[in-house]
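Participant: what's the 3D shape of this:
(2 chains)
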2 protein chains.
Amino acid sequence: MPRRQSSENSLVAKIQSKFSESKRRAKPSSRQLSIAIGDDAALFRPMRGHETILTCDWSLEGMHFLRGKHPADSVGWKCLARAVSDIAAMGGMPRCFLLSLALPTELTGKWFGEFLDGLHRAAKAFDCHLAGGDTTRRDEILINVTVVGEIERGQALRRDTAKAGDILFVSGRLGEAEHELQILRSQRGKINRRDPDLRKHLYPEPRLALAQWLAEKQLASAAMDLSDGLSTDVARLCAASRVGARIDAGKLPVVSLQQREKSSRCGPHGPRNSAAHAVETDGALQLALHGGDDYELLFTVPPQKAGGIPPIFAGVPLLSIGEITKSRKILLVGESRVPTELCPAGWDPFR
Amino acid sequence: MPRRQSSENSLVAKIQSKFSESKRRAKPSSRQLSIAIGDDAALFRPMRGHETILTCDWSLEGMHFLRGKHPADSVGWKCLARAVSDIAAMGGMPRCFLLSLALPTELTGKWFGEFLDGLHRAAKAFDCHLAGGDTTRRDEILINVTVVGEIERGQALRRDTAKAGDILFVSGRLGEAEHELQILRSQRGKINRRDPDLRKHLYPEPRLALAQWLAEKQLASAAMDLSDGLSTDVARLCAASRVGARIDAGKLPVVSLQQREKSSRCGPHGPRNSAAHAVETDGALQLALHGGDDYELLFTVPPQKAGGIPPIFAGVPLLSIGEITKSRKILLVGESRVPTELCPAGWDPFR
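Facilitator: Numbering: from 1, shown residues only, chains lettered A, B, ... in the order given. Okay, here's the model as predicted:
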């Protein structure tokens, strides 16, 4: 008796049809994939004189997103964006990715279609082609994405090469994604995926162009992406480089909570007193120091090259927030000018 | 107040110390990794004239292994072996891997140590170096492994290149792993990880040397690994190649259930009658047709080259079990010589 086609095969067929590109319209980068989905493994043709960058990232229901809250489209975009951000952190160009997906049977219809929409848009935005993966059934949504990138040999930005005296820079605004997560949590029911106040949390954009430019011009002495919060990530960069850092709290590009709240909450706003302002400033500082999920770039620049860093690159503000020190402590200097030790208090799943 | 070191960092440190190799003793293959664990991503230097093979595999608690039954050491070995088997299926050489691991906090001690032992032994056995990964906390054990391999340009064994008239071969014995899983399920309490009757289920060995030889000598016209059972996998190979197959049931290398049961069960065994023998033969055939997890190689050879396939390669028996046909059906020919259609009834998580 003939059996219906295996359902695993049919999921793979859906993925395949979403990501199939006509040969004529295919970008040159997709030609590096001589076998994508459909065989035991993918075949990728590396570019001469380049090194291959490899990274992978979990995106797990309940931990990285909530099934009832987050639009499936955002889950698809973000699972790729998060891993691509690690390629950006090395100054590389994303090439292709593997998707490992475990799905409840009841989500293989509409949810899966919207998930693929978001993933497909991200793949196009980052010029990163689907190479293969593994699909299975599970009560919870589990996603693991591996991204393969490339960079010219010897040009990769590393974490372990910062030197005392280097200037510490960040891109964008810090704590923005965490703040948006707070807004999202406070909203009832389904989220509007086009809400501009949730954009960075739902659809983060890895700093690919900036990092590639820094690597190519050899301006940065070290770099990493900010995924777990500045306090945790700067400690990692400093530990790898065997240095410390001195961060100026007043220079941190913080979120404007007041403006955010106005635009995201209904109801009248009376005049604010200075105590409220202080609380707000402190809240914004805490978000900037410990908020995760920003996917901004943290990088160090030797002082003689710091003049080469523009205030804005491709629309993204760049700010110097402190400097690398020989002493291996991470210090935060606030208004009082008395340095206090900054301890890692960002995202840690085991805490 | 200083906080204790992040526990995610400490898990990574355990992994790093287990897999660190002294520079002097490092194999040349490990020198392709210029950055392994510790940065945002790994940096891999591809070999000139080679293509990169990419594959990933889930290993999930409750689906691929049972926490209370399977030794942690076997979980570590097998999660890498399963993904390496896809590299073997392409005729490639494994180079490095990424480990994504989600663990319950209470397993980060002894269980995690034994898991790393098994993973480390597999990495050495397959000459496949840890390049990086992602760790997080979860109530259940979730593992995803990505393996990167290499093969000389144009030599990869594919699924979609079998031709009508080609002879169909398999390595090893089919249904062995599934039968061992039945034995394991029937045993009470903890499993002895050295039990020879559970070896193929607990510690499968991808057919790397065989597949590399087939690719190098250009003997095979197509190949894949048998992970989900012959009936499911042969259908995939035939669909990709737009052909069918005719399999001779009498030629399948089946498990000897009687011998297995004698060696694995206690108690007296009386003489067996022929009905019992028939049931046993049928059971062994069903296991060979539909049993998963064997990680043997299924390959096709043009008839004029079939004489070049030895009966045993590096200790592993090779058997011709049928041929590729123009008609796109998969037929099984038994004792009656009347062909019946063989429908995919191997492992499918969505069924």
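
Participant: now the residue nearest to residue A:152 when sequence neighbours are not counted: how far from residue B:248?
Facilitator: Spatial nearest neighbour of residue A:152, chain neighbours left out: residue A:50 (5.8 Å); criterion: C-beta to C-beta, 6 or more residues apart in numbering or on different chains. For the C-beta atoms, the positions are set from N, CA and C on the backbone; glycine is no exception. Note on residue A:50: its distance to residue B:248, by C-beta to C-beta, to the nearest Å, is 48 Å.

Participant: next one: residue A:206
Facilitator: 54 Å.

Participant: ok, the two, which is more surrounded?
Facilitator: The residue with more neighbours, out of residue A:206 and residue B:248, is residue A:206; 26 against 17, by other C-beta atoms under 10 Å in any protein chain shown.

Participant: chain A: strands as residue ranges?
Facilitator: For chain A, the strands defined by DSSP state E cover A:33-35, A:42-44, A:50-60, A:93-103, A:129-137, A:142-152, A:167-171, A:222-226, A:244-248, A:296-301, A:312-313, A:316-325, A:330-333, A:339-341.

Participant: reformat those strands as JSON lines; add distance to residue B:286 and mean pLDDT.
Facilitator: What follows is the strands of chain A, written out as JSON lines (distance: least, C-beta to C-beta, whole Å; pLDDT from 0 to 100):
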{"stretch": "strand A:33-35", "distance to residue B:286": "33", "mean pLDDT": "82"}
{"stretch": "strand A:42-44", "distance to residue B:286": "33", "mean pLDDT": "93"}
{"stretch": "strand A:50-60", "distance to residue B:286": "37", "mean pLDDT": "96"}
{"stretch": "strand A:93-103", "distance to residue B:286": "28", "mean pLDDT": "97"}
{"stretch": "strand A:129-137", "distance to residue B:286": "23", "mean pLDDT": "93"}
{"stretch": "strand A:142-152", "distance to residue B:286": "31", "mean pLDDT": "97"}
{"stretch": "strand A:167-171", "distance to residue B:286": "60", "mean pLDDT": "98"}
{"stretch": "strand A:222-226", "distance to residue B:286": "51", "mean pLDDT": "97"}
{"stretch": "strand A:244-248", "distance to residue B:286": "64", "mean pLDDT": "98"}
{"stretch": "strand A:296-301", "distance to residue B:286": "57", "mean pLDDT": "98"}
{"stretch": "strand A:312-313", "distance to residue B:286": "64", "mean pLDDT": "98"}
{"stretch": "strand A:316-325", "distance to residue B:286": "61", "mean pLDDT": "98"}
{"stretch": "strand A:330-333", "distance to residue B:286": "63", "mean pLDDT": "96"}
{"stretch": "strand A:339-341", "distance to residue B:286": "66", "mean pLDDT": "94"}
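
Participant: can I get these in a markdown table including distance to residue A:215?
Facilitator: Shown next, in a markdown table, are the strands of chain A (distance: least, C-beta to C-beta, whole Å):
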| stretch | distance to residue A:215 |
| --- | --- |
| strand A:33-35 | 24 |
| strand A:42-44 | 21 |
| strand A:50-60 | 11 |
| strand A:93-103 | 10 |
| strand A:129-137 | 22 |
| strand A:142-152 | 7 |
| strand A:167-171 | 14 |
| strand A:222-226 | 8 |
| strand A:244-248 | 21 |
| strand A:296-301 | 10 |
| strand A:312-313 | 13 |
| strand A:316-325 | 15 |
| strand A:330-333 | 25 |
| strand A:339-341 | 32 |
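
Participant: just the pLDDT at residue A:293, thanks.
Facilitator: With respect to pLDDT, residue A:293 scores 94.

Participant: who's in contact with the closest residue to it other than its chain neighbours?
Facilitator: Residue nearest to residue A:293 in three dimensions, not counting chain neighbours: residue A:177, with 3.9 Å by C-beta to C-beta, 6+ apart. Taking C-beta atoms under 8 Å, 6 or more residues apart in numbering or on different chains, we find residue A:177 in contact with A:200-201, A:204, A:291-295.

Participant: from the residues you listed, which would you call buried?
Facilitator: A:200-201, A:204, A:291-295 (16 or more other C-beta atoms under 10 Å in any protein chain shown).

Participant: just give me the closest of those residues to chain B.
Facilitator: residue A:295 (11.2 Å; C-beta to the nearest C-beta).

Participant: what count of nearby residues applies to residue A:216?
Facilitator: Burial of residue A:216 is recorded as 12 neighbouring residues (other C-beta under 10 Å).

Participant: put the alpha carbons of stretch A:239-246 into CSV.
Facilitator: C-alpha atoms of stretch A:239-246 as CSV (Å, rounded to 0.1, in the frame of the first residue of the first chain):
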residue,chain,number,x,y,z
ALA,A,239,39.7,39.2,29.2
ALA,A,240,40.6,37.9,25.7
SER,A,241,43.0,40.8,25.1
ARG,A,242,44.4,40.7,28.7
VAL,A,243,43.6,44.4,29.3
GLY,A,244,41.0,46.5,31.2
ALA,A,245,38.8,49.4,30.2
ARG,A,246,37.7,52.7,31.6
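
Participant: flag the shaky bits of the stretch 251-351 of chain A, pLDDT-wise.
Facilitator: For the stretch 251-351 of chain A, the stretches with pLDDT under 70 are A:258-280, A:350-351.

Participant: contact residues of the stretch 151-300 of chain A facing chain B?
Facilitator: Contacts of the stretch 151-300 of chain A with chain B, taken as C-beta under 8 Å from any C-beta of the partner chain, map to A:151, A:153, A:156, A:158-160, A:224-225, A:232, A:236, A:240.

Participant: got CSV for the residues you listed, with neighbour count too?
Facilitator: Converted to CSV, those look like this (neighbours: other C-beta atoms under 10 Å in any protein chain shown):
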residue, neighbour count
A:151, 24
A:153, 13
A:156, 24
A:158, 23
A:159, 23
A:160, 15
A:224, 27
A:225, 26
A:232, 22
A:236, 20
A:240, 17
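
Participant: show only the entries of those residues found in helices.
Facilitator: Within those, residues falling in helices by DSSP state H are A:232, A:236, A:240.

Participant: can you redo those as TSV with pLDDT?
Facilitator: Listed next are these as TSV, based on pLDDT from 0 to 100:
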residue	pLDDT
A:232	94
A:236	94
A:240	94
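
Participant: care to break chain A down by domain?
Facilitator: Listed by automatic domain parsing, the domain ranges of chain A are A:10-152, A:167-265+A:274-341.

Participant: which two among the residues of the stretch 151-300 of chain A next to chain B are spaced furthest apart?
Facilitator: In these, two members sit farther apart than any others by C-beta to C-beta. They are A:153 and A:232, at 30.7 Å.
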